[in-house]
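Participant: I would like the atomic coordinates for the input below:
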Amino acid sequence: MNIAIVGTGYVGLVSGTCFADTGANVTCVDVDEQKISRLQRGEIPIYEPGLDELVKKNVAAGRLKFTTDLASVLDDVQIVFSAVGTPPDEDGSADLKYVLQVARTIGQHLNHYVVVVTKSTVPVGTAAKVRYAIEEELQKRGLSDLEFDVASNPEFLKEGNAIKDFMSPDRVVVGVESEHAKKVLTKLYKPFLINNFRVIFMDIPSAEMTKYAANSMLATRISFMNDIANLCERVGADVNMVRAGIGADTRIGRKFLYAGCGYGGSCFPKDVKALIKTADQNGYSMEVLKAVERVNERQKTVLFDKLVKAFGSKDALKGKTIALWGLSFKPETDDMRESTALVLLALLRDAGCLVRAYDPVAMDECRRRIGETITYCNDMYDAVLDADALLLVTEWKEFRLPTWAVIRKAMKNPLVIDGRNIFDEEDVVENGFEYHCIGK
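Facilitator: Numbers count the residues shown, from 1 in each chain. Below is the predicted model of the structure:
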């Protein structure tokens with residue numbers, strides 16, 4: 001089967017590579033000539049464990065190609081996936097201009113039946129807009145009778161674990177409007193059906209809504225636990241014990257019940273905002289999600305608030321050296337979109353702090369965003385040199401078992417603020433540190 005995937009960002013590149021690995025012939029398309037040139041040279045523009053090896057493997061096998069010219073590949077494909085960006089507009093709604101540009105390009109060059117599949121996260125009703133844009137272009141060419149189908153196939157990939165998520169999914173959600181489209185997409189997903197993975201077919205609006213609903217539910221669990229954690233601190237409870245107690249309830253489960261310093265990334269913040277906006281546009285107010293968003297924005301300042309409390313005032317922070325472990329919004333990615341670190345860095349700089357930061361992969365991305373306004377360190381131990389406090393922001397595995405005796409000697413002031421609750425409090429305190437975490 002021949003397919004094209006438009007957009008070589010996180011979703012497009014991972015999806016295209018994994019489809020190629022199941023035997024499909026895939027052409028990834030992007031208007032960014034520099035990015036396509038890099039991919040053709042074997043350079044991967046994003047960090048995702050295992051992706052570079054998989055790309056090289058499928059390029060060598062001839063199943064994965066890259067181009068900037070969508071028109072040149074349309075004659076040879078049965079399916080076109082649209083995986084371009086849908087950034088939040090100023091009002092929080094999803095910006096569909098790139099999705100509709102792809103649709104118009106397809107309409108301008110299409111000459112045979114294809115299934116046009118939206119892979120990007122888009123609000124309900126987008127497929128109808130895609131269909132209209134294609135039909136409008138076909139009509140201009142006198143091809144209004146040319147048949148095609150549209151479909152929705154939202155992705156549920158976790159950054160840092162995307163390849164496993166794609167190849168061994170909990171479920172694959174596909175929204176279709178015809179039996180023909182269902183037949184074509186069933187053939188594409190046959191390798192997954194063989195392994196008994198669930199491919200759930202539904203109508204297109206329901207598929208579009210499923211993506212937003214899933215991410216919003218997970219964001220809700222995170223903000224709920226952060227709210228509980230903040231209350232635990234005030235009443236003398238331990239959020240880790242509370243989490244164990246409620247997570248043992250099979251109706252609730254254990255996942256996404258970890259308290260921390262806020263969620264970020266490319267999905268949760270954007271999708272929550274977009275779903276709130278969709279509801280507003282349809283005369284309904286998503287009160288729960290509005291609270292989820294408020295709690296999360298507040299939670300991103302919690303480490304700074306704890307730091308201020310430890311030193312007595314914001315003014316007392318001026319000139320202090322603060323060590324940061326972690327910059328990306330989560331481990332196993334260099335993605336800093338909506339990351340807690342960006343909020344924290346702005347607060348620390350505003351307070352006159354000197355910041356020494358270390359992240360295993362995200363420091364180049366941080367440089368791109370904020371330049372040389374902080375000191376980028378060689379490793380976790382370099383970051384704590386002469387520091388007045390250590391703030392753990394991202395729970396990378398290499399941070400989990402530090403040598404506290406070495407850190408105690410390196411730091412000027414023994415203060416640790418654990419934003420992800422990964423350290424053993426007894427161990428930290430025994431080594432002479434003042435220790436603060438979330439929800440205890």
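Participant: Can you tell me the SS state at residue 131?
Facilitator: At residue 131 the chain is in helix, as set by DSSP: H, G, I helix; E, B strand; the rest coil.
Participant: ranges for the helices of the stretch 101-250 of the chain?
Facilitator: Counting by DSSP state H, counting those that start in this stretch, the stretch 101-250 of the chain has helices at residues 126-140, 162-167, 179-188, 190-194, 204-235, 239-247.
Participant: Can you find the helix or strand of this structure with the lowest average pLDDT?
Facilitator: Least confident helix or strand, the chain: helix 190-194 with a mean of 73, by mean pLDDT, DSSP states H and E.
Participant: related to what we said a few turns ago, can I get the helices of the stretch 101-250 of the chain in TSV including distance to residue 7 and mean neighbour count?
Facilitator: In short, each C-beta sits where N, CA and C put it, glycine included. TSV is the format used below for the helices of the stretch 101-250 of the chain (distance: least, C-beta to C-beta, whole Å; neighbours: other C-beta atoms under 10 Å):
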stretch	distance to residue 7	mean neighbour count
helix 126-140	14	18
helix 162-167	15	19
helix 179-188	18	17
helix 190-194	22	13
helix 204-235	16	19
helix 239-247	37	16
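Participant: comparing the ones you listed, which gets the lowest mean pLDDT score?
Facilitator: Lowest mean pLDDT of these: helix 190-194, a mean of 73.
Participant: For residue 111, see how far away the residue sitting furthest away from the middle of the chain is.
Facilitator: No residue in the chain sits farther from the centre than residue 142, which is 41.5 Å out by C-alpha atoms, centre = their mean. As judged by C-beta to C-beta, to the nearest Å, residue 142 and residue 111 stand 12 Å apart.
Participant: do residue 378 as well
Facilitator: Taking C-beta to C-beta as the measure, residue 378 falls 56 Å from residue 111.
Participant: can you check residue 86 too?
Facilitator: Using C-beta to C-beta, we find residue 86 at a distance of 28 Å from residue 111.
Participant: And residue 50, by the same measure?
Facilitator: Distance of residue 50 to residue 111, given as C-beta to C-beta: 37 Å.
Participant: So for the closest residue to residue 44 other than its chain neighbours, what pLDDT did the model give?
Facilitator: Distance criterion C-beta to C-beta, 6 or more residues apart in numbering; nearest residue to residue 44, sequence neighbours excluded, is residue 52 at 4.5 Å. We have a pLDDT of 92 for residue 52.
Participant: circling back: can you tell me which residues contact the residue farthest from the centre of the chain?
Facilitator: Listed by C-beta atoms under 8 Å, 6 or more residues apart in numbering, residue 142 has no contact partners.
Participant: What is the end-to-end distance of stretch 394-407?
Facilitator: In stretch 394-407, first residue to last residue: 18 Å (C-alpha to C-alpha, to the nearest Å).
Participant: And the contacts of that stretch?
Facilitator: Applying C-beta under 8 Å, 6+ apart, the external contacts of stretch 394-407 come out as 325-332, 339, 341, 359-360, 362, 380-381, 384, 390, 392, 420, 422-423, 427-428, 431, 433.
Participant: Which of the residues in that stretch are classified as buried?
Facilitator: For stretch 394-407, the neighbour count (16 or more other C-beta atoms under 10 Å) marks 394-396, 399, 402, 404, 407 as buried.
Participant: What mean pLDDT does it get?
Facilitator: Summarised as a single mean, pLDDT over stretch 394-407 is 96.
Participant: now stretch 420-437
Facilitator: Across stretch 420-437, the average pLDDT comes to 97.
Participant: contacts for that stretch?
Facilitator: Against stretch 420-437 from outside (C-beta under 8 Å, 6+ apart): 239-240, 258-261, 306, 310, 392-395, 399-400, 404-405, 407-408, 414-419, 438-440.
Participant: from the middle of its chain, how far away would it be?
Facilitator: Mean-position distance between stretch 420-437 and its chain equals 29 Å (C-alpha atoms, centre = their mean, to the nearest Å).
Participant: which of the residues in it are buried?
Facilitator: 420-423, 425, 428, 431, 433, 435-437.
Participant: can you check stretch 108-124 too?
Facilitator: Buried, per 16+ other C-beta under 10 Å, within stretch 108-124: 109-110, 114-124.
Participant: and of those, the nearest to residue 5?
Facilitator: Checking those against residue 5 by C-beta to C-beta gives residue 119 as the nearest, at 7.4 Å.
Participant: Skipping its backbone neighbours, what lies nearest the closest one in space?
Facilitator: Here the residue nearest residue 119, using C-beta to C-beta, 6+ apart, is residue 83, at 4.1 Å.
Participant: That neighbour: neighbour count?
Facilitator: 30 (other C-beta atoms under 10 Å).
Participant: same deal with the one 4 residues further on?
Facilitator: Residues contacting residue 87 under the criterion other C-beta under 10 Å number 11.
Participant: So for it, what's the pLDDT?
Facilitator: 76.
Participant: neighbours around the nearest residue to it once chain neighbours are set aside, how many?
Facilitator: Once flanking residues are discounted, residue 87 sits nearest to residue 95: 5.1 Å by C-beta to C-beta, 6+ apart. By other C-beta under 10 Å, the residues close to residue 95 number 15.
Participant: How much space separates residue 95 from residue 437?
Facilitator: As judged by C-beta to C-beta, residue 95 and residue 437 stand 38 Å apart.
Participant: Looking at the buried residues of stretch 420-437, which are in helices?
Facilitator: Within the buried residues of stretch 420-437, residues falling in helices by DSSP state H are 425, 428.
Participant: Next step: the buried residues of stretch 420-437 restricted to strands.
Facilitator: 435-436 (DSSP state E).
Participant: okay if I get the buried residues of stretch 394-407 as TSV plus secondary structure?
Facilitator: Below are the buried residues of stretch 394-407 laid out as TSV (three-state DSSP):
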residue	secondary structure
394	coil
395	coil
396	coil
399	helix
402	coil
404	helix
407	helix
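Participant: Closest one of those residues to residue 276?
Facilitator: Taking the buried residues of stretch 394-407 together and measuring to residue 276 by C-beta to C-beta, the closest member is residue 394, at 26.6 Å.
Participant: Please determine how far that closest one is located from residue 305.
Facilitator: To residue 305, residue 394 is 19 Å away according to C-beta to C-beta.
Participant: can you check residue 275 too?
Facilitator: Applying C-beta to C-beta, the value for residue 275 to residue 305 is 28 Å.
Participant: Give me the residue ranges of this protein where confidence is low.
Facilitator: 89-90, 193-197 (pLDDT under 70).
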